[in-house]
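Asks: Let me see the structure of the following:
(one chain, ligands or ions: 2)
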Amino acid sequence: MDRIKMPNPIVEMDGDEMTRVLWQMIKEELLFPFIDLSTEYFDLGLPSRDASGDSVTVQAAQAVKRLHVGVKCATITPNRARMEEYHLKRMYRSPNGTIREILDGTTFRAPILIDGIRPAVASWKKPITIARHSSADQYSAAEYRVPGPGKATLSFTGEDGEHWEKDVCSFAGSGVIQGMYNRDESIRNFARSCFAYALATKQDLWFSAKDTILKAYDGVFRDIMQETYEENKKAFDEAGLKYFYTLIDDAVARAMRSEGGFVWALKNYDGDVMSDMVSSAFGSLAMMTSVLCTPDGNFEYEAAHGTITRHYYRYLRGEQPSSNPVATIFAWSGALRKRGELDGNAPLSDFAERLEKACLGAINDGVMTGDLAVLMDGDVKGVSSADFIAAVRERI
Ligand code: NAP
Ligand code: MG
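Replies: Residues are numbered from 1 along each chain as shown. Ligands and ions are numbered 1, 2, ... in the order given. Sure, this is the predicted structure:
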């Protein structure tokens, strides 16, 4: 057969350990036979990051800005043990953190649903996508353990000399204080990314905060989201989509009674908590995809899980691990579909659809890796990653 042509490349970011092994298998078995694959390749595996002093990560992020679509394999974020294991020159930052900072994007996490695995919340029929504003608030706050009696104040000094000050608490004994912040520009970029993603995936957008209590702080979030909605209202109306603000506690109650099928935008801390709740309620981390979407319309796709280290060491010992490649395959299909959309290349988008259907088809036919097999009713046996990928290829 003729292989599908790609006039424009996507940015390919290779990674580490078991997911690096899966990456190669996916390309050889599921992509090369069908697509004349065109990528700009960056090796973000730890040895290559170390050799380049991590500049390869920066180059990859800049390439995503230029080509608008990227796909990334899971990578190791080094800690002390990894420094020794890989004899690293220094303790590099998380590649995802570096890339997110350069692209100033928002990460959207969505589960892949399959028949036979029921979400823990019975009413959930469609995925819930969590959008977490991954910047500032509690994560870069100033904190102080108050040792004893004294007074805490919060103050601001403007560049123009303006001075503002407010008493926070007069302590009679020990206690604790915290000062946190956020920036309009960062909140606005978050808001724009959320509306762009909701439009791209044709889903309603929810945003929740606690502006009844944090009138100024969460009020700014609510106002900027509302202003961004006004900018997007026409497009939202045309697509038949809704934007909806409600208090965080009300949103939690409503989400539990909903069918799913919406994007839920959350502040940094709320998103951290809710994304773990939603992903575990939908079944498995191995079935969670993740997209970094920027306000100006660049997209980077990946699996939400890590490099599956424990399976990799089994693989090095010559075993055939049963690591689930579905989220990584969906990262590829997401990137190929987006490339197809941007280039008006219908055969490429159609292939992405076919690839996803082939994955779900294999699982529906009872061919799946061990992590899913244990969640199924009845006696289902898990197959190796290689056998699962072969079953997907057959169905393509
Ligand atoms: P992990 O790689 O997600 O794996 C944790 C455990 O979850 C695995 O041992 C496995 O459980 C299960 N699991 C995860 N993905 C699976 C899959 N696709 N198929 C089957 N089982 C799967 O997390 P980790 O062990 O905490 O982290 C390993 C490395 O990944 C670390 O170096 C970390 O820095 C990195 N990491 C990278 C990213 C990223 O690049 N986005 C994200 C998170 C972590 P069993 O062993 O019980 O089978
Ligand atoms: Mg968390």
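
Asks: Let me know the distance separating the closest residue to residue 124 other than its chain neighbours from ligand 2.
Replies: Distances taken as CB to CB, 6 or more residues apart in numbering put residue 260 closest to residue 124, at 4.4 Å, once the chain neighbours are dropped. (C-beta placed from N, C-alpha, C; glycine too.) Distance of residue 260 to ligand 2, computed by CB to the ion, to the nearest Å: 20 Å.

Asks: contacts for stretch 152-168?
Replies: Residues from elsewhere that reach stretch 152-168, judged by CB atoms under 8 Å, 6 or more residues apart in numbering: 144, 146, 151, 169, 170, 171, 177, 179.

Asks: That stretch: end-to-end distance?
Replies: 5 Å (CA to CA, to the nearest Å).

Asks: what sits against the residue nearest to residue 346 when sequence neighbours are not counted?
Replies: Nearest non-adjacent residue to residue 346, counting by CB to CB, 6+ apart: residue 340, 6.7 Å away. Contact analysis of residue 340 by CB under 8 Å, 6+ apart lists 346, 347, 348, 349, 350, 351, 352.

Asks: Would you map the helices across this structure?
Replies: Residue ranges of the helices in the chain, as given by DSSP state H, are 17-26, 46-51, 55-67, 80-85, 95-103, 184-201, 217-238, 248-257, 268-281, 309-316, 326-343, 346-364, 370-373, 385-395.

Asks: average pLDDT across the last one?
Replies: When you say that, I think you mean helix 385-395. Helix 385-395 shows a mean pLDDT of 98.

Asks: Next to ligand 1 in this structure, residues from the stretch 251-396 of the chain, please.
Replies: Listed as neighbours of ligand 1 in the stretch 251-396 of the chain under the rule CB under 6 Å from any ligand atom: 285, 286, 302, 305, 306, 307, 308, 309, 310, 323, 324, 371.

Asks: Buried only: go through those for me.
Replies: The neighbour-count test (16 or more other CB atoms under 10 Å) applied to these identifies 285, 286, 302, 305, 306, 307, 308, 323, 324, 371 as buried.

Asks: Report the contact partners of the closest residue to ligand 1 within the stretch 201-350 of the chain.
Replies: Closest to ligand 1 within the stretch 201-350 of the chain is residue 306: 2.4 Å, counting by CB to the nearest ligand atom. If you count contacts by CB under 8 Å, 6+ apart, residue 306 has them with 19, 74, 76.

Asks: ditto for residue 249
Replies: Residue 249 touches residue 210, counting by CB under 8 Å, 6+ apart.

Asks: Of the contacts of stretch 152-168, grab the buried ones for ChimeraX.
Replies: This is the ChimeraX syntax for the buried subset of those, where burial follows 16+ other CB under 10 Å:
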select :171,177
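
Asks: and the contacts of stretch 152-168, which two are the farthest apart?
Replies: Within those, 170 and 179 form the most distant pair, 16.8 Å apart (CB to CB).

Asks: how about the nearest residue to residue 128, chain neighbours excluded?
Replies: In space, residue 128 is closest to residue 260, 4.7 Å off (CB to CB, 6+ apart).

Asks: Pop out the phi and psi values for the one you found.
Replies: Residue 260 has phi and psi values of phi 90, psi -160 when expressed as degrees, to the nearest 10.

Asks: Count the residues that sit near it.
Replies: 20 (other CB atoms under 10 Å).

Asks: that older thread, can you convert the buried ones among the residues of the stretch 251-396 of the chain next to ligand 1 into CSV and add a column each for distance to residue 54?
Replies: Output for those, formatted as CSV (distance: CB to CB, whole Å):
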residue, distance to residue 54
285, 26
286, 28
302, 18
305, 22
306, 19
307, 17
308, 23
323, 27
324, 29
371, 32
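
Asks: Fine, thanks again, bye for now.
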